[in-house]
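Chemist: Got a predicted structure here, sequence first:
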Amino acid sequence: MKYTLGIIFFFCIKSYAQTKAGLRVQYTMFCNTDLPLKYKTILWIQDNESIYKEEFSTTERWEEKPTEASTFNIERLRNNEGTYLRVDNKNKTLQFFDKLSGHIILVTDTYNSFKWDVTNDTKVIAGYKCNKATTSFRGREWIAWFTPEIPVSFGPWKLHGLPGLILECYDVTQRYRISAEGIKTETSALFSKDFKTLMVSKNKVAMPYREFLEKQEEARNNRLSSLANVPGLQIDKAEKPPRNGIELKYEWEK
């Protein structure tokens, strides 16, 4: 299977190099959380831009990681609309959509210039020789396997800046892992559209990420205050749960 996929990759990239057509890479996101899940994601690449989409409608339990949390309604995740994230290397911008109090919000984040440490370790993924690189990003240590044979500096999620496409990446705790499953040449119509029109958002001017996170915290506190008024229900509003998401600490925090 790897050999067959590698042949497909070869002809796709040869076509990409000759025609400058775009690329479409399909990944699977594995989340080794309290309820282990996996879902499909897509990365489109065109010139100096990439657009990444998480397809929550494909969410399913990660059977390799059995859990006792069988009562969780996975349909709640499947019904969530997939979100988009754009990395623009030319203008050094990063924008994405996220939810805040039930509304879709357009957010602008810092375009990060990753400090990658490329090691001598190599392995073959889908028939392509990949090099190992490591970096730190917002409280997690990341490992990425990229192939110089596909000379584009993009990858899934917010990871980018290597001299080759990232085919696999994961944090050192293996809580999050994203692995490529297929690639083809494709000129996506997404790049001909204004990014902020890809979803119907409450705001038209992108909200800074720090402000977005502060509003999320404010919304959480408001919910706790409402619950505190429920008779017989004890809520410790001062107790703030530790972060356990894909980002743990931000650059503006000491």
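Modeler: Everything's here; your move.

Chemist: Give me the three-state assignment for residue 211.
Modeler: Applying DSSP: H, G, I helix; E, B strand; the rest coil to residue 211 yields a three-state assignment of helix.

Chemist: How much space separates the residue nearest to residue 248 when sequence neighbours are not counted from residue 246?
Modeler: Using CB to CB, 6 or more residues apart in numbering and skipping the chain neighbours, the partner closest in space to residue 248 is residue 139 (2.8 Å). Every residue, glycine included, has its C-beta placed from N, CA and C. With the distance defined as CB to CB, to the nearest Å, residue 139 ends up 9 Å from residue 246.

Chemist: what's the answer for residue 93, then?
Modeler: With distances defined as CB to CB, the gap from residue 93 to residue 246 amounts to 20 Å.

Chemist: With residue 35 instead?
Modeler: In terms of CB to CB, residue 35 sits 15 Å off from residue 246.

Chemist: And for residue 148?
Modeler: Distance from residue 148 to residue 246, by CB to CB: 26 Å.

Chemist: more crowded one of those two?
Modeler: Here residue 148 and residue 246 are compared on neighbour count by other CB atoms under 10 Å; more neighbours surround residue 246, at 16 against 13.

Chemist: hang on, that one is in a strand, isn't it?
Modeler: No - the assignment for residue 246 by three-state DSSP gives coil, which leaves it out of any strand.

Chemist: dump the residue contacts of the most centrally placed residue in the chain.
Modeler: A centroid search over the chain (CA atoms, centre = their mean) returns residue 157, at 2.8 Å, as the residue closest to the centre. If a contact means CB atoms under 8 Å, 6 or more residues apart in numbering, then residue 157 has 52, 85, 169, 178, 246 as its contacts.

Chemist: where does this protein have low pLDDT?
Modeler: 1-20, 63-80, 227-229, 232-240 (pLDDT under 70).

Chemist: Strands of that one, start to end?
Modeler: With DSSP state E as the definition, the chain shows strands at residue ranges 23-31, 37-46, 49-61, 83-88, 93-100, 103-109, 117-125, 128-137, 140-147, 165-171, 176-185, 207-208.

Chemist: The last one pairs with which strands, and in what direction?
Modeler: Which is strand 207-208. In the sheet containing strand 207-208, its partner strands are strand 103-109 (parallel), by DSSP bridges.

Chemist: ok, and for the partner strand, which residues are buried?
Modeler: By neighbour count on 16 or more other CB atoms under 10 Å, the buried set for strand 103-109 is 105, 106, 107, 108, 109.

Chemist: ok, the first one touching residue 212?
Modeler: Yes - with contact defined as CB atoms under 8 Å, residue 105 and residue 212 form a contacting pair (6.3 Å).

Chemist: overlap in contacts of these two?
Modeler: For the pair residue 105 and residue 212, residues contacting each of them under the criterion CB under 8 Å, 6+ apart are residue 98.

Chemist: In a markdown table: the contacts of residue 157, plus distance to residue 133.
Modeler: Converted to a markdown table, the contacts of residue 157 look like this (distance: CB to CB, whole Å):
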| residue | distance to residue 133 |
| --- | --- |
| 52 | 19 |
| 85 | 20 |
| 169 | 9 |
| 178 | 14 |
| 246 | 18 |
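
Chemist: Name the pair among the residues you listed with the greatest separation in space.
Modeler: With CB to CB as the measure, no two of these lie farther apart than 85 and 169, at 14.5 Å.

Chemist: Tell me which of the strands of the chain sits nearest to residue 201.
Modeler: Ranking the strands of the chain by distance to residue 201, with CB to CB as the measure, places strand 103-109 first at 4.5 Å.
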